[in-house]
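Novice: Need coordinates for the following:
(chains A and B)
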Protein chains: 2
Amino acid sequence: MTILFYDLVGHDTQRPFSPHCWKTKMALAHKGLDATKVPTRFLEVPKVEGGVSKTVPVIRDGDRVVADSFAIALYLDETYPERPTLFAGEGGKATARFIERWSQLTIHPYLTTVLLADLHGMQDEANRAYFRQSREQRLGKRLEEVVAGRDAGLAGFRASLEPLRSMLGYQPFIGGTSPLFADYIVFGALQWARVASPYRLLEAGDSVAQWFERCLDLHGGTGRQVAAAA
Amino acid sequence: MTILFYDLVGHDTQRPFSPHCWKTKMALAHKGLDATKVPTRFLEVPKVEGGVSKTVPVIRDGDRVVADSFAIALYLDETYPERPTLFAGEGGKATARFIERWSQLTIHPYLTTVLLADLHGMQDEANRAYFRQSREQRLGKRLEEVVAGRDAGLAGFRASLEPLRSMLGYQPFIGGTSPLFADYIVFGALQWARVASPYRLLEAGDSVAQWFERCLDLHGGTGRQVAAAA
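Specialist: Numbers count the residues shown, from 1 in each chain, chains lettered A, B, ... in the order given. The predicted structure is shown next:
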């Protein structure tokens, strides 16, 4: 029985965009586990598996339901230890949490400003209204006002990636010579941007961009199955 | 035969201050390895072990000489696998590099501005002249000008620790339930500040300050063997 994977989509079910769902997609591919995708729109999330979580990803693996991309990665590694590891030991698990917090607090806030209008445009009508209302309430601004700040923030965003960029002078992946879940955490954020918006976040010569391309190539090009937004 | 540990000091050999040497001091304590400290002033560094490195820490363990705090930690874990691990697996080794780069690029630049004048004051006469000249050349400013910016940078510095602070909502150490070398990387930076300057970096209620206190307690209070600067 394959794993059910509740993946966030907009009106086009073939263009999943959620950064957290992309982390799970990559984690499943890394483990070589088949999954049946259940395309899920924002307004359907509260009904997923009887309302187990306010967010996706959620997976069902037989009798087990697991929510949250990090918890899912831990679950997959524990449940399928004979398959390639996502953490490579207890130290890797612990320090991946720091990287997750770094990605969430350094990369996500700026990407939110970049992507909001594009993400709004990707939803169907009902979800578009929900998306605008919920995000404008959270941010205290019109979506269009938030997005207007993206050019002004770009240089600062690129600079904020310096720890990642500098690390890439030592090794090709956050996980070392090969990728681990820590890579997929940051990949998920940049893939969110790639799928949602043509806005050019990184310069082509940037080692972060080159690392991202390497991640897109992984597991038979899992990340490239969705074309970049044009 | 105990390990020789070349540790950076100023005119008071009992107040080692280097963040990188503190990483090694904590790594040795974590492994339960005895070491004989060789107090080393800036101008003596080029002569350490025949000029093996431009920086300390350097250790000699029998016939082996190892420079660089990260390389030393890797060496100690590989050479003494029966003692408590500093990385807890290959994943922990790889992701510790990211944390090292984050600490170096996020914490160190600001602490340099805070500590320069105090560090200058800690050196003996010959080293004081060297310190001023080399640092002013590197920074393109008088030490006093650099330090004058510290109050203006404090709020930004505290905010830059948010990934660490947020991570501490999940687990008590970067290493998880107990510390790993990744903790000592960041500890070293804050200990540098604690030993060199009375400047108040963190508010007492900050979970980062509480984590730092926990680190000071480790291994019989290794970090507390040097009193905070007054």
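Novice: Please enumerate the helices of chain A.
Specialist: A:19-31, A:69-79, A:90-102, A:108-122, A:125-139, A:143-147, A:150-160, A:162-167, A:181-196, A:207-221 (DSSP state H).
Novice: list the helices and strands the second one packs on?
Specialist: Counting contacts by 3 or more Cβ pairs under 8 Å, 6 or more residues apart in numbering or on different chains; DSSP states H and E, helix A:69-79 packs against helix A:19-31, strand A:58-61, strand A:64-67, helix A:90-102, helix A:181-196. C-beta coordinates here come from the backbone N, C-alpha and C atoms, glycine included.
Novice: In JSON lines: these, plus mean neighbour count.
Specialist: Output for those, formatted as JSON lines (neighbours: other Cβ atoms under 10 Å in any protein chain shown):
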{"stretch": "helix A:19-31", "mean neighbour count": "25"}
{"stretch": "strand A:58-61", "mean neighbour count": "22"}
{"stretch": "strand A:64-67", "mean neighbour count": "16"}
{"stretch": "helix A:90-102", "mean neighbour count": "26"}
{"stretch": "helix A:181-196", "mean neighbour count": "26"}
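Novice: Chain B is nearest to which of the ones you listed?
Specialist: helix A:90-102 (1.9 Å; Cβ to the nearest Cβ).
Novice: so what does the closest one touch, helix or strand wise?
Specialist: Looks like helix A:90-102 contacts helix A:69-79, helix A:181-196, helix B:90-102, helix B:162-167, helix B:181-196 (3+ Cβ pairs under 8 Å, 6+ apart).
Novice: could I get the helices and strands packed on helix A:69-79 as a markdown table with mean pLDDT?
Specialist: Listed next are the helices and strands packed on helix A:69-79 as a markdown table, based on pLDDT from 0 to 100:
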| stretch | mean pLDDT |
| --- | --- |
| helix A:19-31 | 98 |
| strand A:58-61 | 98 |
| strand A:64-67 | 98 |
| helix A:90-102 | 98 |
| helix A:181-196 | 98 |
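Novice: Which one, of the ones you listed, ends up nearest to B:E44?
Specialist: helix A:90-102 (34.7 Å; Cβ to Cβ).
Novice: tilt between that closest one and helix A:181-196?
Specialist: 30 degrees (axes from the mean of the first three to the mean of the last three Cα atoms, to 10 degrees).
Novice: want to try a markdown table for the helices of chain A, with distance to A:L4 as columns?
Specialist: Converted to a markdown table, the helices of chain A look like this (distance: least, Cβ to Cβ, whole Å):
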| stretch | distance to A:L4 |
| --- | --- |
| helix A:19-31 | 11 |
| helix A:69-79 | 12 |
| helix A:90-102 | 24 |
| helix A:108-122 | 23 |
| helix A:125-139 | 21 |
| helix A:143-147 | 32 |
| helix A:150-160 | 35 |
| helix A:162-167 | 33 |
| helix A:181-196 | 20 |
| helix A:207-221 | 19 |
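Novice: Around chain B, pick out the residues from chain A.
Specialist: Contact residues, chain A versus chain B (Cβ under 8 Å from any Cβ of the partner chain): A:85, A:87-99, A:101-102, A:104-106, A:162-164, A:166-167, A:170-171, A:173-176, A:180, A:182.
Novice: residues touching A:L74, list them.
Specialist: A:87, A:93 (Cβ atoms under 8 Å, 6 or more residues apart in numbering or on different chains).
Novice: By average pLDDT, which secondary structure element in chain A comes out worst?
Specialist: The helix or strand of chain A with the poorest confidence is helix A:143-147; it has a mean of 94 (mean pLDDT, DSSP states H and E).
Novice: mind checking how far that one is from the chain centre?
Specialist: How far helix A:143-147 lies from its chain's middle: 22 Å, per Cα atoms, centre = their mean, to the nearest Å.
Novice: what packs against that helix?
Specialist: helix A:108-122, helix A:125-139.
Novice: Return the most buried member of those helices.
Specialist: When you average the neighbours per residue for each of these (mean count of other Cβ atoms under 10 Å in any protein chain shown), helix A:108-122 leads with a mean of 20.
Novice: That helix to helix A:19-31, inter-axis angle?
Specialist: Using the same axes, to 10 degrees, helix A:108-122 lies at 100 degrees relative to helix A:19-31.
Novice: Which strands or helices does helix A:108-122 pack on?
Specialist: Using 3+ Cβ pairs under 8 Å, 6+ apart: helix A:108-122 touches helix A:125-139, helix A:143-147, helix A:150-160, helix A:181-196.
Novice: coming back round to it: out of the helices and strands packed on helix A:90-102, nearest to B:T55?
Specialist: The nearest among the helices and strands packed on helix A:90-102, by Cβ to Cβ, is helix B:181-196 at 13.2 Å.
Novice: Where does pLDDT dip in chain A?
Specialist: By pLDDT under 70, chain A contains no weakly predicted segment.
Novice: what domains does the record give for chain A?
Specialist: A:3-79, A:90-225 (automatic domain parsing).
Novice: And for A:E213, the neighbour number?
Specialist: 12 (other Cβ atoms under 10 Å in any protein chain shown).
Novice: Not counting its own residues, what contacts stretch A:210-226?
Specialist: A:14-16, A:22, A:25-26, A:29-30, A:164, A:168, A:172-173, A:179, A:183-184, A:187, A:190-191, A:194-195, A:202.
Novice: typed the wrong thing, it's stretch A:34-43
Specialist: The list of residues contacting stretch A:34-43 from outside it, by Cβ under 8 Å, 6+ apart, reads A:2-10, A:13, A:16, A:28, A:48, A:56, A:59, A:123-124, A:126-127, A:130-131.
Novice: so how far is it from its chain's centroid?
Specialist: 14 Å.
Novice: same question, stretch A:157-167
Specialist: With Cα atoms, centre = their mean as the basis, the mean position of stretch A:157-167 lies at 18 Å from the chain mean.
Novice: ditto for stretch A:175-186
Specialist: 13 Å.
Novice: now swap in stretch A:181-200 and tell me
Specialist: For stretch A:181-200, the distance to the chain centre is 6 Å (Cα atoms, centre = their mean).
Novice: right, and the helices and strands packed on helix A:90-102 - which one's nearest B:F70?
Specialist: So among the helices and strands packed on helix A:90-102, helix B:90-102 is nearest, using Cβ to Cβ, at 6.0 Å.
Novice: Fine by me, thanks again.
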